[in-house]
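> Coordinates only, no sequence provided:
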């Protein structure tokens, strides 16, 4: 079992609210990722980081932002949630062999 | 265009039976191919990873094969158990960037019935 954690696991919020999805790992990995996954669909990369103070946008356009102030912590923030943001958000980190370890995910519902 | 296609989209089998899941990809240049198991409401967990030179790799009752010439892979599950019910995702990595870009299939949803 990988040591990568996400909170909350489930979140239901109203439109316009600001939210932060937490992700932390205790493996000391430099590379971390955020993916978005809709039911029955493939994972889409929305953000990644090579290390502290390094963040990049992924392939799927996202209105979310990320930060990487500490190696172990990679939070994702939505300034103003909308129903179109309803999805599952998966955080991952990778070791030097590029093996990715995924967190349990946060299922977000915006009403 | 780099793509990963999986079939079937869903599969129902009886406990104890074997099954084979398919993955075709067009990712180039190829680095490695992975199979992940994703339980409902959880993150994917790695089952196998194969590089260009590997034809087969096993992990318990899971055996993955790779034909890099035809760009096809399969995941064979032997003597299925109820706990095998999950989505199985094929993921291909390219060598074109330092990120090791991953291309995900949509997964095969496997249901094992008692």
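Yes, it's here. All of these numbers come straight from a predicted model, not from anything done at the bench. Numbers count the residues shown, from 1 in each chain, chains lettered A, B, ... in the order given.
> now residue B:61, nearest residue through space, not along the chain?
Nearest residue to residue B:61 in three dimensions, chain neighbours excluded: residue B:78, at 4.6 Å (Cβ to Cβ, 6 or more residues apart in numbering or on different chains). In this view, the C-beta of every residue, glycine as well, is placed from N, C-alpha and C.
> Tell me if stretch A:93-101 is near chain B.
Yes - on the criterion Cβ under 8 Å from any Cβ of the partner chain, stretch A:93-101 is in touch with chain B at A:94, A:98-101.
> contacting residues around that stretch?
Residues external to stretch A:93-101 that are found in contact with it (Cβ atoms under 8 Å, 6 or more residues apart in numbering or on different chains): A:2-4, A:25, A:27, A:29, A:31-33, A:74, A:92, B:32, B:46, B:49, B:93, B:100, B:102.
> neighbours of the closest residue to chain A within chain B, just the number please.
Of all residues in chain B, residue B:43 sits closest to chain A, at 3.1 Å by Cβ to the nearest Cβ. By other Cβ atoms under 10 Å in any protein chain shown, 23 other residues sit near residue B:43.
> hang on, the earlier thing: what's near enough to touch the residue nearest to residue B:61?
If you count contacts by Cβ under 8 Å, 6+ apart, then residue B:78 has B:18, B:61-63 around it.
> Identify the farthest-apart pair in those.
Pairwise distances across the contacts of residue B:78 (Cβ to Cβ) peak at 11.2 Å, for the pair B:18 and B:62.
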